[in-house]
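A.B. asks: have a look at this prediction, sequence included:
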Amino acid sequence: MRIITYAPLKTDLRLAPGLTPSLESFAEISGALASALPADSFTVFNQSNGDRRAYGVLSEDVWDLRLFTWHPRDDLRIHVYPGALAIAELVLEPEGPREEIEAWTQDETDARLRAVFADFRDALHQARKALPEGALDGGRGAAPEREVSFDVTRISRTLLISPEERDDRNVQALLTRWLASTIRPADAEDINAGRLDVSMSWVNYAIVDSDPARTRELTATMRIAQYFWSAQEWLNAETQSIIAGELNERQAHHARARLVASRSRMQMLKVEYNALRSVLSRSKEMRLKAILDGWSYDTLAANGALLVDMCSDRLGEIAERRADRSGFFTDMILVSIGLLAVIDVLVGLLAFSREITTRPALQYTDSGVSQILSVFADVNTDTTLFGGGVVVLVLLGVYLVARKAR
């Protein structure tokens, strides 16, 4: 009896949007990694395969989504993906069907991964230096990937039993407990009775290891499902952190840059998922969909889209409020200029009327003294200024009423 565990780990290797193994040019990235990384502890995927045709062998995948796998030991493999995420795969061999096997499995996985994490960080640094210039995502205005730190928040596990162990009553009891809280607990009875060999629904999986090739395919499918779920979950958390911490007017520009990056990454993840499903073997593709359905992946992805829409709406409200405020200030400046112009005209008219009445030579082309200017010339200066102020207030009131009505 063995147990294979899967734990998602964050990395600092996020390729630029659009750089996926489906591109022929991706071979340049794979070649650079293969040339720089030692083959005894690294396996690089999607290298040039010569004249191999796509779908030439239907039981094989056309290409692999992984960048590379780091395997320092036989029982440990860490699969590194292009979306700043890795899936650690660890093989455990418990001594018999112990009572608290789930807790032991998770604690043992955590301890062993923690022990090699510093070496894994060095391996990531080695791969990062080998990547061609421009291959990594610059963030598109968002903050760059943070320094890699140990953060295991979820450990999925697969119980592998041999056909002979299936008849052991202790193993049967363990299998019943193992699947009791999954979405298909009745699978335990079918496996124990020999009617079923596989249960892959939610967190705890079980496989009767009667065919090594099939077991490898099943475990690979579980790993792929872990990648897509974890990547979407972390992108959702990234977008939610924008809503929680940066959606205010002071940080709106930075929040908008992060939102653009998150939206782009979510869309790229969806593109990767759809593209990968088209190149997987049919049995693996059907199994992948079944696992992700058990995890409600569609709901998780829809929630991510909802978070992006919420963030976009909030940023739109902030932009609209800023535009209204800017428009109001602009209007006030123009109104102030206009009102001051009214007073300036009145004062100018008062000064001109007095000047022209005291200097008749200025009116030599007129037939007589202007009655309007005579009236203004006789008006007291304070009265003129007071009247101008009243006119200014009336015009300001008309403007405010008109703006409110708009």
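C.D. replies: Sure, I can see it.
A.B. asks: from now on I want contacts and neighbour counts done on CA atoms only, so please keep to that.
C.D. replies: OK.
A.B. asks: what is the helix ranked longest in the chain packed up against?
C.D. replies: If you go by DSSP state H, the chain has its longest helix at helix 297-358. If you count contacts as 3 or more C-alpha pairs under 8 Å, 6 or more residues apart in numbering; DSSP states H and E, helix 297-358 packs onto helix 212-245, helix 252-279, helix 371-378, helix 381-405.
A.B. asks: tell me the SS of Pro8?
C.D. replies: Classification of Pro8 using DSSP: H, G, I helix; E, B strand; the rest coil returns strand.
A.B. asks: low-confidence stretches in the stretch 251-400 of the chain?
C.D. replies: Across the stretch 251-400 of the chain, residues meeting the criterion (pLDDT under 70) sit at 251-255, 257, 315-319, 321-322, 359-373, 376-378, 384.
A.B. asks: ok so, going back, and of the helices and strands packed on helix 297-358, who's closest to Asn170?
C.D. replies: Taking C-alpha to C-alpha, helix 212-245 is the member of the helices and strands packed on helix 297-358 nearest to Asn170, at 22.6 Å.
A.B. asks: the closest one: how far from the chain's middle?
C.D. replies: How far helix 212-245 lies from its chain's middle: 13 Å, per C-alpha atoms, centre = their mean, to the nearest Å.
A.B. asks: stretch 88-95 now?
C.D. replies: Stretch 88-95 sits 32 Å away from the centroid of its parent chain (C-alpha atoms, centre = their mean).
A.B. asks: stretch 69-76 now?
C.D. replies: 29 Å.
A.B. asks: report the buried residues of that stretch.
C.D. replies: Buried residues in stretch 69-76, counted by 16 or more other C-alpha atoms under 10 Å: 69-71, 76.
A.B. asks: kindly report the same for stretch 85-98.
C.D. replies: 85-92.
A.B. asks: cross those against strands and list the overlap.
C.D. replies: 85-92 (DSSP state E).
A.B. asks: for the closest residue to Leu259 other than its chain neighbours, give me its contacts.
C.D. replies: Leaving aside its chain neighbours, Leu259 sits nearest to Thr239 (6.8 Å; criterion: C-alpha to C-alpha, 6 or more residues apart in numbering). By C-alpha atoms under 8 Å, 6 or more residues apart in numbering, Thr239 lies in contact with 259, 262, 304, 307-308, 311.
A.B. asks: hang on, the earlier thing: and the helices and strands packed on helix 297-358 as JSON lines, adding distance to Val171?
C.D. replies: Converted to JSON lines, the helices and strands packed on helix 297-358 look like this (distance: least, C-alpha to C-alpha, whole Å):
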{"stretch": "helix 212-245", "distance to Val171": "19"}
{"stretch": "helix 252-279", "distance to Val171": "35"}
{"stretch": "helix 371-378", "distance to Val171": "111"}
{"stretch": "helix 381-405", "distance to Val171": "77"}
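A.B. asks: right, and those - which one's nearest Arg287?
C.D. replies: helix 212-245 (7.0 Å).
A.B. asks: Gln267: which of the ones in strands among the buried residues of stretch 85-98 is nearest?
C.D. replies: Nearest to Gln267 among these, with distances taken as C-alpha to C-alpha, is Leu85, at 16.3 Å.
A.B. asks: quickly note the distance from the closest one to Asp75.
C.D. replies: 20 Å (C-alpha to C-alpha, to the nearest Å).
A.B. asks: ok, Phe45 next?
C.D. replies: 20 Å.
A.B. asks: and if you look at Arg282?
C.D. replies: From Arg282 to Asp75 the distance is 28 Å (C-alpha to C-alpha).
A.B. asks: Gly388 now?
C.D. replies: As judged by C-alpha to C-alpha, Gly388 and Asp75 stand 91 Å apart.
A.B. asks: Gly397 now?
C.D. replies: To Asp75, Gly397 is 81 Å away according to C-alpha to C-alpha.
A.B. asks: same question, Arg169
C.D. replies: Counting by C-alpha to C-alpha - Arg169 and Asp75 are separated by 28 Å.
A.B. asks: same thing with Cys311?
C.D. replies: With C-alpha to C-alpha as the criterion, Cys311 and Asp75 are 43 Å apart.
A.B. asks: same check on Lys284?
C.D. replies: 23 Å.
A.B. asks: so for the strand or helix carrying Glu285, what gets flagged as buried?
C.D. replies: Using DSSP states H and E, Glu285 sits in helix 282-294. Neighbour counts over helix 282-294 (16+ other C-alpha under 10 Å) mark 284-285, 287-288, 290-292, 294 as buried.
A.B. asks: what residues does it touch?
C.D. replies: Where contact means C-alpha under 8 Å, 6+ apart, the residues beyond helix 282-294 that reach it are 59, 183, 200-202, 217-218, 221-222, 224-225, 229, 277, 298.
A.B. asks: need the max-distance pair from these.
C.D. replies: Within the contacts of helix 282-294, Ser59 and Ile183 form the most distant pair, 28.9 Å apart (C-alpha to C-alpha).
A.B. asks: one step back: any chance of JSON lines for the buried residues of stretch 85-98, columns pLDDT and distance to Ser149?
C.D. replies: Below are those laid out as JSON lines (pLDDT from 0 to 100; distance: C-alpha to C-alpha, whole Å):
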{"residue": "Leu85", "pLDDT": "89", "distance to Ser149": "12"}
{"residue": "Ala86", "pLDDT": "92", "distance to Ser149": "12"}
{"residue": "Ile87", "pLDDT": "93", "distance to Ser149": "14"}
{"residue": "Ala88", "pLDDT": "94", "distance to Ser149": "14"}
{"residue": "Glu89", "pLDDT": "94", "distance to Ser149": "18"}
{"residue": "Leu90", "pLDDT": "94", "distance to Ser149": "19"}
{"residue": "Val91", "pLDDT": "93", "distance to Ser149": "23"}
{"residue": "Leu92", "pLDDT": "92", "distance to Ser149": "24"}
